[in-house]
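**Student:** sequence and computational prediction follow.
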Amino acid sequence: MATADQIKMLIHSHFEDDEDRFNTIVLQLAAYEAQNGHKALARDIRDIIDNSKKKVSKRKVIPFNKDLSDMILVEDSIYKLSNLVVSQDIKEKIKRIIVENKQREKLEKFGLNSRRKILIAGPPGTGKTLTASVLANELNLPICTIMVDKLITKFMGETSVKLRQIFENVKEVPGVYLFDEFDAIGAERSMDNDVGEMRRILNSFLQFIEQDDSNSLIVAATNNPKMLDQALFRRFDDVLHYKLPERDQIKSLILNRLSQYLSSKLDIEKIVDVAKTLSHSEITKACNDAIKELILNDLDSINTALMERMLQERKEAYMPSGGN
């Protein structure tokens, strides 16, 4: 039978809406039952988890224009708001977007529109793409990622036509449409390296997004907000500015990912100090690296030294020893 600690962890993960942790604990329970000779029960538990995942990952049929198939990646998202580690201010703004879109019809009765056009700006790896996935899952919509680089490079000279087709799909097929690396389209029109075609593309985008009255969400993500044309900002209903994680966010990222693997003697404050200047994504990768070390070397737990080493390796990937 499950231990008291496992039962408490299950309850906590359920009410914290932490699906990843919940599934991990359930699989631990299955392994525990198998070790104690209850193999049929362990198999049943695993089957429940597997069947649940299949239902979640079942893809929706999206009737996209065939000409756009290599430019739009369509997926179902499994990420919840609880998976997003950001400041409380940003999380409240995301909650507001979700609530407004869930109650869109209520707002429309009073002549008001929900926030549907969102610009997210911030350093790489801080959760911009994940936010679009969270919005998709929370609103039960597919996440449709526009490959902006392919749109520009492959169809230079007819990009405006392709943009029109994309916005037609935005209207016809409700979803969360993510324009990643958005500065490829939205760069300031007065920049010295600008060319006439790029100005036409930006003007077309401005026109299409302003005219859009669909039930889809349009999310544009950029690492370089200073490069964007100022005319873009007023076309969006909300602008979210992301930053590198602060101490409490770093601690949450590490503890949420490694809770069942950490040594009781782990110095979390020391680890947080080492993790400063890394993005959410890099910290998560360092945690995954530590788990791999634990598994491959048959370690009992992840200690302070191991976690420091994994984080330092991530830092050195950007600032090699001896470099300037």
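**Tutor:** Sure, I can see it.

**Student:** could you check how far stretch 241-255 is from the centre of its chain?
**Tutor:** Here stretch 241-255 is found 14 Å from its chain centre; the criterion is CA atoms, centre = their mean, to the nearest Å.

**Student:** which residues does that stretch contact?
**Tutor:** Contact with stretch 241-255 is made by 85-87, 90, 120-123, 126-128, 225, 262, 268, 271-272, 275-280, 283-284, 287, 307, as judged by CB atoms under 8 Å, 6 or more residues apart in numbering. Bear in mind the C-beta positions are built from the backbone N, C-alpha and C, glycine included.

**Student:** and for stretch 90-98?
**Tutor:** With contacts defined as CB under 8 Å, 6+ apart, stretch 90-98 is touched by 81, 84, 86, 114-115, 118, 131, 134-135, 138-139, 217, 238, 240, 242.

**Student:** same thing with stretch 125-135?
**Tutor:** 77, 79-81, 83-86, 94, 97-98, 118, 120-122, 141, 143, 145, 176, 178, 180, 217, 219, 221, 240, 242-245, 279-282.

**Student:** if any of those residues are buried, give me the ChimeraX selection for them.
**Tutor:** Here is the ChimeraX command that selects the buried residues among the contacts of stretch 125-135 (16 or more other CB atoms under 10 Å):
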select :77,79,81,83,84,85,86,94,97,98,118,120,121,122,141,143,145,176,178,180,217,219,221,240,242,244,245,279,280,281,282
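
**Student:** now intersect the contacts of stretch 125-135 with the helices, please.
**Tutor:** Ile94, Ile97, Ile98, His280, Ser281, Glu282 (DSSP state H).

**Student:** quick one: the strands in the chain, in order.
**Tutor:** 72-75, 117-121, 143-146, 176-179, 217-222, 238-241 (DSSP state E).

**Student:** mean pLDDT and distance to Ile201 for these - can I get that in a markdown table?
**Tutor:** Putting the strands of the chain into a markdown table (pLDDT from 0 to 100; distance: least, CB to CB, whole Å) gives the following:
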| stretch | mean pLDDT | distance to Ile201 |
| --- | --- | --- |
| strand 72-75 | 88 | 17 |
| strand 117-121 | 95 | 17 |
| strand 143-146 | 92 | 13 |
| strand 176-179 | 94 | 12 |
| strand 217-222 | 94 | 14 |
| strand 238-241 | 94 | 21 |
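
**Student:** separation between Leu258 and Val148?
**Tutor:** 35 Å (CB to CB, to the nearest Å).

**Student:** hmm, I was thinking of Lys243
**Tutor:** Separation of Lys243 from Val148 (CB to CB) stands at 23 Å.

**Student:** so which bits of stretch 98-114 are buried?
**Tutor:** Under 16+ other CB under 10 Å, the buried positions of stretch 98-114 are Ile98, Glu100, Asn101, Arg104, Ser114.

**Student:** those in helices, which ones?
**Tutor:** Residues from the buried residues of stretch 98-114 lying in helices, with DSSP H as the criterion: Ile98, Glu100, Asn101, Arg104.

**Student:** looking at those, spot the one nearest Asp298.
**Tutor:** Ile98 (43.2 Å; CB to CB).

**Student:** which of the ones in helices among the buried residues of stretch 98-114 lies closest to Leu299?
**Tutor:** Nearest to Leu299 among these, with distances taken as CB to CB, is Ile98, at 40.0 Å.

**Student:** pLDDT wise, what is the closest one at?
**Tutor:** Residue-level confidence at Ile98 comes out at 97, pLDDT.

**Student:** roughly how far apart are it and Ile118?
**Tutor:** Taken as CB to CB, the span from Ile98 to Ile118 is 11 Å.

**Student:** same question for Leu294.
**Tutor:** On the measure of CB to CB, Leu294 and Ile118 end up 38 Å apart.

**Student:** what's the closest of the ones in helices among the buried residues of stretch 98-114 to Arg43?
**Tutor:** Once CB to CB is applied, the member of these that ends up nearest Arg43 is Ile98, at 37.3 Å.

**Student:** ok, that closest one to His241 distance?
**Tutor:** Distance from Ile98 to His241, by CB to CB: 19 Å.

**Student:** same thing with Glu181?
**Tutor:** For Glu181, the distance to His241 (CB to CB) stands at 17 Å.

**Student:** now do Ile11
**Tutor:** From Ile11 to His241 the distance is 36 Å (CB to CB).

**Student:** same check on Glu308?
**Tutor:** Glu308 sits 30 Å away from His241, going by CB to CB.
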